[in-house]
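Colleague: The sequence isn't on hand, but the structure is:
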């Protein structure tokens, strides 16, 4: 095959290691896919500095009252919506702080809407409908690096004064890079099934998005050490986790932890500061606000040591 016939998008090329996957046993298929998956973390690690830059920009965006938008089509768009939807229960933020924009709208989340990724005019309208403005951060997600919808989103966001970034798993063309302030390009190589970017590219994308939001939220004081202290106790599991964290950090029993949480308005962070300072809920909230939400700056104390099993 002539090199001229090769698709320039790495994610669309054939993988020489899986050409006989259709003859493989179930166990052999698992081993082939697992071998490919093991290369993903290394590809993501090559982008560590650019991911860190995105974390820093996301933090400053949030501190300045801005929002983070993800935009993509197909698997890429779904991963953006997924990461956005997990921020409120995990970190206690409002649902409008991290927002996923999906090509084809929310009905495309559960059913493929072919052609949506090729509509740049609709992409620009989606940006306007979401009220993107200066001070926001818009991250386009395109496994192949070439999705017209994503490029149009970034172009329109730039026109409105927002910061922009691209997350891709194949080198994007110059016109896409030109509208991205940050380019995170984790080249994951050909997929086990040619072009199926829900696989390695999807895994890499999820890792990158997880790191950006988690990193920014940690910087905002949403954790105490590695404890999730701004979670929303919206189900039995999270109520239990809230009580366990307060029990561990404050050195109290479950009943006392529950009483602290009730007095704090079900805020783990506020409960910890109330206990540490002997403060009222209002005083604890004020002190946390003055400290940028970081518990250590208020109490001056370390989280409890990890209890090894």
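Modeller: Cool, got the structure. Being a predicted model, the structure only gives us computed values, none of them experimental.
Colleague: Poorly predicted segments of the stretch 51-200 of the chain, please.
Modeller: Residue ranges of the stretch 51-200 of the chain with pLDDT under 70: 113-118.
Colleague: ok, which stretches of it are strands?
Modeller: Secondary structure of the stretch 51-200 of the chain (DSSP state E, counting those that start in this stretch): strands at 68-72, 98-102, 137-142, 163-168, 182-185.
Colleague: Quick one: closest of these to residue 243.
Modeller: strand 98-102 (26.7 Å; C-beta to C-beta). Backbone N, C-alpha and C define where each C-beta goes, glycine included.
Colleague: Highest mean neighbour count out of the strands of the stretch 51-200 of the chain?
Modeller: strand 137-142 (a mean of 31; mean count of other C-beta atoms under 10 Å).
Colleague: Check what pLDDT the residue nearest to the spatial centre of the chain gets.
Modeller: Ranked by distance to the mean C-alpha position of the chain (C-alpha atoms, centre = their mean), the top residue is residue 209 at 3.0 Å. Note on residue 209: pLDDT of 98.
Colleague: Skip the chain neighbours and tell me the closest residue to it.
Modeller: residue 83 (4.2 Å; C-beta to C-beta, 6 or more residues apart in numbering).
Colleague: cool, and residue 268?
Modeller: Residue 268's closest residue in space is residue 229 (C-beta to C-beta, 6+ apart), at 4.5 Å.
Colleague: so what's the one you found up against?
Modeller: 222-223, 245, 268-269, 272, 295 (C-beta atoms under 8 Å, 6 or more residues apart in numbering).
Colleague: mind listing which of the residues you listed are in helices?
Modeller: Judged by DSSP state H, the contacts of residue 229 include 245, 268-269, 272, 295 as members of helices.
Colleague: ok, of the residues you listed, which one's closest to residue 97?
Modeller: Among those, and counting by C-beta to C-beta, the member closest to residue 97 is residue 269, at 16.6 Å.
Colleague: tally of neighbours for the closest one?
Modeller: 27 (other C-beta atoms under 10 Å).
Colleague: So for it, what's the pLDDT?
Modeller: 95.
Colleague: next one: the one 10 residues further on
Modeller: As summarised for this prediction, residue 279 has a pLDDT of 96.
Colleague: now for stretch 31-46, what's the gap between its first and last residues?
Modeller: Terminal residues of stretch 31-46 are spaced 25 Å apart (C-alpha to C-alpha, to the nearest Å).
Colleague: What mean pLDDT does it get?
Modeller: For stretch 31-46, the mean confidence score works out to 96.
Colleague: Show me what it is in contact with.
Modeller: Taking C-beta under 8 Å, 6+ apart as the rule, stretch 31-46 contacts 15, 17-18, 21, 24, 51, 169, 186-189, 191-192, 199-200, 203-204, 207-208.
Colleague: Roughly how far does the residue nearest to the centre of the chain sit from residue 84?
Modeller: As judged by C-beta to C-beta, to the nearest Å, residue 209 and residue 84 stand 9 Å apart.
Colleague: who touches both of those two?
Modeller: With C-beta under 8 Å, 6+ apart, residue 209 and residue 84 have common neighbours residue 70.
Colleague: Now distance to residue 257 too, for the strands of the stretch 51-200 of the chain, in JSON lines please.
Modeller: What follows is the strands of the stretch 51-200 of the chain, written out as JSON lines (distance: least, C-beta to C-beta, whole Å):
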{"stretch": "strand 68-72", "distance to residue 257": "32"}
{"stretch": "strand 98-102", "distance to residue 257": "29"}
{"stretch": "strand 137-142", "distance to residue 257": "36"}
{"stretch": "strand 163-168", "distance to residue 257": "39"}
{"stretch": "strand 182-185", "distance to residue 257": "40"}
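Colleague: closest one to residue 216 among the ones you listed?
Modeller: strand 68-72 (7.7 Å).
Colleague: Can you say which of the contacts of stretch 31-46 are buried?
Modeller: Buried members of the contacts of stretch 31-46, scored by 16 or more other C-beta atoms under 10 Å, are 15, 18, 51, 169, 186-189, 191-192, 199-200, 203-204, 207-208.
Colleague: Widest-spaced pair of those residues?
Modeller: That would be 18 and 51, which, of those, are the farthest apart (C-beta to C-beta) at 28.0 Å.
Colleague: The ones in helices among the contacts of residue 229 into a markdown table, with extra columns for distance to residue 63?
Modeller: Shown next, in a markdown table, are those (distance: C-beta to C-beta, whole Å):
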| residue | distance to residue 63 |
| --- | --- |
| 245 | 25 |
| 268 | 21 |
| 269 | 17 |
| 272 | 22 |
| 295 | 17 |
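Colleague: residues near the closest residue in space to residue 103 that isn't next to it in sequence, how many?
Modeller: Closest residue to residue 103 apart from its sequence neighbours, by C-beta to C-beta, 6+ apart: residue 73 at 3.6 Å. Number of residues near residue 73 (other C-beta under 10 Å) recorded here: 31.
Colleague: Cheers, nothing more for now.
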